[in-house]
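Chemist: 3D, please:
(one chain, ligands or ions: 2)
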Amino acid sequence: MTRDGQRARGRSRRRDTDDSPGAGSAGRGHGEAAGPVLRAVGLARVYGEDESAVWAVDGVDLDVPTGQTLAVTGPSGCGKSTLLQLLGGLDRPTEGEVWLGGRRVDDLGERALARLRRRAVGFVFQAYHLMDELTAAENVELPALLAGVSPRTARRRAAELLGHVGLADRARHLPSELSGGQRQRVAIARALVNKPLVVLADEPTGNLDSAATHDILRLFDELRAAGQTLVMVTHDERVAATADRIVSLRDGALADDTPLNTSLDTESGSTRLGTLLSWED
Ligand code: ADP
Ligand code: MG
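Modeler: Ligands and ions are numbered 1, 2, ... in the order given. Sure thing, here's the model as predicted:
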C-alpha cells in the first residue's frame, strides 16, 4: 500500500491554520498556534484489502479546541480506539490529515512522529500499560527521560505528579503492588510528565470499580480546570457526562456531536495541577 499516493488526495484540503478561529492558547502559555489544538480532516483508516477491507475510521472531521474535555462514545467496534490512535500518532491514516498544535503531523517521518508522541501526547489506556518491572516513580519518569529531561528534573516531576494524584507513599511500589485505580493514577501522572498538548485516554475507567472511577473523574476534572485538553473514549455514560462535549461514532463516522459545557473554565488554571502542567524546566 503506498501511503503517499493516498495522502496526495488530501492536499487540496490542506488549510492555513493561522486564520482559523479558535480557543488560542487559553490557560497554557506554551506558545502553541491559534486554532484547535487537535484537528482531524477527512480522516480514514482501512484495515485489510479488497473484499475484506474494513473502514474502521471513515471520513472523520473533528476540531478539538484547547482546554476541551471531549468524550468519544459509540458501540464496540465503531472505531473509537482506531480514531484515538490516529489522533495520537500511534497509527497512520489511510486518508486524511491530523493536525496537532497547529502542525500537520500525519505525514511526519517515524523518528519525528515518535518524538512528537513523547512530547506532545499523553496516553492513558484501559489496561494501564505500565512497565511491570519499574516502580511507580520510574514509570512516570521514563517518558521524561526519553524526551531528554535530566534525571534530576524527571525525578522531581514524577514525585510532584505522584503526590498530586495521591500516591506519594506508593512511589517505590511496583505496579503489581498497586490496585487498579492506583495503577491508572500512575498512568495519568505518566501521561502528564511531559506537559502534553493533549491527553488521549481509551476507556480509562473500563477496568475500575465505581470508587476508583470516581477518583479518576476527579483527576480529570482537575485537568480540565488546569486547561489540559483531554479526549477520552468511554462506554460509560456517567463518564461521558462529565465532558464538555460528546461525539459518537457509528461505523467509523461521526454520528452525533453534542456540546454539554459551552463555557470552558480555564480561569482556575492556577490550581496546583495547573502549576504542575505549566512549569518550566
Ligand atoms: P472500538 O474501539 O470502537 O471498539 P476499534 O477501533 O477497536 O473499535 O475497531 C474498529 C474496527 O476495526 C472493528 O471492526 C475492528 O474489528 C477493526 N480493527 C481494529 N483493529 C484492527 C486491526 N489491527 N486489524 C484489523 N481490523 C481491526
Ligand atoms: Mg476500543
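
Chemist: how far away is Val54 from ligand 2?
Modeler: 14 Å (C-beta to the ion, to the nearest Å). In this view, the C-beta of every residue, glycine as well, is placed from N, C-alpha and C.

Chemist: Then Leu38?
Modeler: For Leu38, the distance to ligand 2 (C-beta to the ion) stands at 18 Å.

Chemist: so where's the stretch 1-150 of the chain uncertain?
Modeler: 1-34 (pLDDT under 70).

Chemist: how about the strands of it, start to end?
Modeler: For the stretch 1-150 of the chain, applying DSSP state E, counting those that start in this stretch gives strands covering 38-47, 54-64, 69-73, 95-100, 103-104, 121-125.

Chemist: what's the closest of those to Leu142?
Modeler: Closest approach to Leu142 among the strands of the stretch 1-150 of the chain (C-beta to C-beta): strand 121-125, 12.7 Å.

Chemist: Near ligand 1, which residues of this protein are found?
Modeler: Contact residues (C-beta under 6 Å from any ligand atom) of the chain with ligand 1: 47-48, 54, 56, 74, 76-82.

Chemist: Cross these against helices and list the overlap.
Modeler: 80-82 (DSSP state H).

Chemist: and those near ligand 2, which?
Modeler: Contacts with ligand 2 are made by 80-81 out of these, judged by C-beta under 5 Å from the ion.

Chemist: picking up where we left off before, what's the farthest-apart pair in the residues of the chain next to ligand 1?
Modeler: Gly48 and Gly74 (20.6 Å).

Chemist: More neighbours: these two, which one.
Modeler: Gly74 (21 against 10; other C-beta atoms under 10 Å).

Chemist: Might one say that the more buried one is in contact with Leu249?
Modeler: Yes. Between Gly74 and Leu249 there is a contact at 3.8 Å, judged by C-beta atoms under 8 Å.

Chemist: what's the overlap in contacts for these two?
Modeler: Shared contacts of Gly74 and Leu249, defined by C-beta atoms under 8 Å, 6 or more residues apart in numbering, are found at 80, 255.

Chemist: Can you pull the residues of the stretch 1-150 of the chain lying near ligand 2?
Modeler: So the stretch 1-150 of the chain meets ligand 2 at 80-81 (C-beta under 5 Å from the ion).

Chemist: related to what we said a few turns ago, deepest of the strands of the stretch 1-150 of the chain, which one?
Modeler: strand 69-73 (a mean of 24; mean count of other C-beta atoms under 10 Å).

Chemist: which neighbours does it have in its sheet, and in what orientation?
Modeler: Partners of strand 69-73 in the sheet, by DSSP bridges, are strand 229-233 (parallel), strand 245-250 (parallel).

Chemist: okay, the following helix or strand past the first one in CSV with CA atoms only?
Modeler: Read in the C-terminal direction, the helix or strand following strand 229-233 is helix 237-240, with elements assigned using DSSP states H and E. Coordinates of the C-alpha atoms in helix 237-240 are reproduced here as CSV (Å, rounded to 0.1, in the frame of the first residue of the first chain):
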residue,chain,number,x,y,z
GLU,A,237,-22.5,7.3,30.3
ARG,A,238,-21.5,8.7,33.7
VAL,A,239,-18.0,9.3,32.5
ALA,A,240,-19.1,10.8,29.2
